[in-house]
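Chemist: what's the 3D shape of this:
(one chain, ligands or ions: 1)
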Amino acid sequence: MDKQINKTKIAVNKLSFYYGEKQALHEISLDIPEREVFALIGPSGCGKSTFLRTLNRLNDLIHKTKVTGTIEIDGQDIYDSNVDVVQLRTAVGMVFQKPNPFPSSIFDNVAYGPRAHGIKDKKELNKIVEKSLRQAALWDEVKDRLDEPGTSLSGGQQQRLCIARVMAVEPGIILMDEPTSALDPLATTKIEDLINELRKNYTIVIVTHNMEQAARVSDKTAFFLDGEVVEVGPTDQLFTNPEKQETEDYITGKFG
Ligand SMILES: Nc1ncnc2c1ncn2[C@@H]1O[C@H](COP(=O)(O)OP(=O)(O)OP(=O)(O)O)[C@@H](O)[C@H]1O
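Modeler: Sure thing, here's the model as predicted:
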């Protein structure tokens, strides 16, 4: 892992989040550097997914939610009233726990975003689809079957297809919510290898229940507990020499 200090891509300041009356996040402040992998760990229900979804305003879709505090991406407050949320979700792509390809061909899955952005030229679309599938380390496996349904692929291939679909619209940030929890060990390794490649060009925020995975793929880790960040720091330090007792108890398996 490189040791250079990258500039802040996402700056979170005193972020609180409410589902109706229930407060799920409590005054979270942390900086996520660009072109690094940032892992979110913590026991079930501690707010990892809620936090992840605040970063592309996916929680806006849930009725009666409230956000206080700020999240700045490249210095711009993403909750500002003049922010175009569709554009935000293009810049901040998301990969979910279960691969969710559209019910269309492999080609059309990847071409969907660029087409939605008005690109119609077939040659240009071909180029984008090939580039995205190569970046997602899937091209060699699918180049002769681009017209087949995305759902005909294996689970691991489907997840890489979803990553290609996100990359086709050139986001700067990719959010991943337990992207390998539905995959077998071999497919998991492929996604982890891919994450290691992607970190050269993208800022990646990943929720994982698998602490070995956090240790393998991430540069920094934040440990969440009851909607608060207990500890955040370089992953190797957090796992080998945590500052807080709660962090140590969690990573040594005493709870969660
Ligand atoms: N749509 C929702 N409406 C109301 N409460 C919710 C909603 N989604 C999550 N919560 C609550 O917010 C809290 C945080 O949930 P969240 O899913 O963010 O935790 P998590 O750490 O990602 O959990 P897990 O690891 O099990 O996915 C929990 O108490 C959960 O019950």
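
Chemist: Residues in a beta bridge with the residue positioned nearest the centre of the chain, which ones?
Modeler: Centrality entry for the chain: nearest residue to the mean C-alpha point is residue 175, 1.5 Å, by Cα atoms, centre = their mean. Taking DSSP bridges as the rule, residue 175 bridges to residue 94, residue 205.

Chemist: Is it correct that residue 239 falls within a strand?
Modeler: No. Counting by DSSP: H, G, I helix; E, B strand; the rest coil, residue 239 is not part of a strand but helix.

Chemist: Just the pLDDT for it.
Modeler: For residue 239, the pLDDT comes out at 96.

Chemist: residues near it, how many?
Modeler: By other Cβ atoms under 10 Å, 20 other residues sit near residue 239. Placement of C-beta: from N, CA and C, glycine included.

Chemist: hang on, it packs against residue 223?
Modeler: No. Judged on Cβ atoms under 8 Å, residue 239 makes no contact with residue 223 at a distance of 10.0 Å.

Chemist: Pull up the overlap in contacts between those two.
Modeler: residue 251 (Cβ atoms under 8 Å, 6 or more residues apart in numbering).

Chemist: which bits of this protein sit near the ligand?
Modeler: 19, 22, 24, 42, 44, 45, 46, 47, 48, 49, 50, 62 (Cβ under 6 Å from any ligand atom).

Chemist: Make TSV from those residues and add distance to residue 98 to it.
Modeler: As requested, those are arranged in TSV below (distance: Cβ to Cβ, whole Å):
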residue	distance to residue 98
19	22
22	25
24	22
42	21
44	17
45	19
46	21
47	20
48	17
49	13
50	18
62	19
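
Chemist: Heading C-terminal from the strand or helix carrying residue 39, find the next helix or strand.
Modeler: For residue 39, the host element (DSSP states H and E) is strand 37-41. On the C-terminal side of strand 37-41, the nearest following helix or strand under DSSP H and E is helix 48-54.

Chemist: Output the contacting helices and strands for that next one.
Modeler: strand 8-19, strand 22-33, strand 37-41, strand 173-177, strand 203-207 (3 or more Cβ pairs under 8 Å, 6 or more residues apart in numbering; DSSP states H and E).

Chemist: Can you dump the C-alpha atoms of the first one in PDB for me?
Modeler: This file holds the C-alpha atoms of strand 8-19, laid out as PDB (Å, rounded to 0.1, in the frame of the first residue of the first chain):
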ATOM      1  CA  THR A   8      -9.400  14.500   1.100                       C
ATOM      2  CA  LYS A   9     -12.100  13.400  -1.400                       C
ATOM      3  CA  ILE A  10     -15.100  13.100   1.100                       C
ATOM      4  CA  ALA A  11     -15.200  15.300   4.200                       C
ATOM      5  CA  VAL A  12     -17.900  14.300   6.700                       C
ATOM      6  CA  ASN A  13     -18.600  16.800   9.500                       C
ATOM      7  CA  LYS A  14     -20.900  16.200  12.400                       C
ATOM      8  CA  LEU A  15     -23.300  14.000  10.300                       C
ATOM      9  CA  SER A  16     -26.400  12.800  12.100                       C
ATOM     10  CA  PHE A  17     -29.100  10.800  10.400                       C
ATOM     11  CA  TYR A  18     -32.700  10.000  11.500                       C
ATOM     12  CA  TYR A  19     -35.300   7.500  10.400                       C
END
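
Chemist: Run the angle between it and strand 173-177 for me.
Modeler: 40 degrees (axes from the mean of the first three to the mean of the last three Cα atoms, to 10 degrees).
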